[in-house]
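K.L.:
kindly return the folded structure for what I paste below:
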Amino acid sequence: RNRLRVILPWLEARVAEGNQDPFLHNGIAKIYIDTNRDPETFLKTNQFYDSAVVGKYCEDRDPHLAYTAYKRSWGSCDEQLVNVTNKNGLFRLQ
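P.N.:
Sure thing, here's the model as predicted:
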């Protein structure tokens, strides 16, 4: 975890330069999730991360964040969304 924090300023600088690479945004999302640095806002507002990758990463850490990531994909991750809500008893969110 501490190693991730070391590269966070460098990753954020690449985003500030206008880099739209999904791998970069996936990395930032994972760091925000692990450090609890307002991950829900990031997942709702960032349009460049890969929902399937970040959602899978969130499933064991925080199912609500996985739901947020999968929901943003506009249908391409519907099966994963249903699976994570069923597995964690989040039936109301379906």
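K.L.:
contacting residues for the residue minimising distance to the centre of the chain?
P.N.:
Central residue of the chain (C-alpha atoms, centre = their mean): Val54, 3.9 Å from the mean position. With contacts defined as C-beta atoms under 8 Å, 6 or more residues apart in numbering, the neighbours of Val54 are Asn26, Ala29, Lys30, Ile33, Leu43, Ala69. Any C-beta I mention is one placed from the backbone N, CA and C, and that applies to glycine too.
K.L.:
closest to Glu59 out of these?
P.N.:
Taking C-beta to C-beta as the measure, Glu59 lies nearest Ala69 of these, at 9.4 Å.
K.L.:
surely that closest one touches Asp62?
P.N.:
No - using C-beta atoms under 8 Å, Ala69 is not in contact with Asp62, being 10.1 Å away.
K.L.:
between the two, which one's more packed in?
P.N.:
Higher neighbour count among Ala69 and Asp62: Ala69, with 31 against 16, using other C-beta atoms under 10 Å.
K.L.:
which neighbours do Ala69 and Asp62 have in common?
P.N.:
Common neighbours of Ala69 and Asp62 (C-beta under 8 Å, 6+ apart) do not exist.
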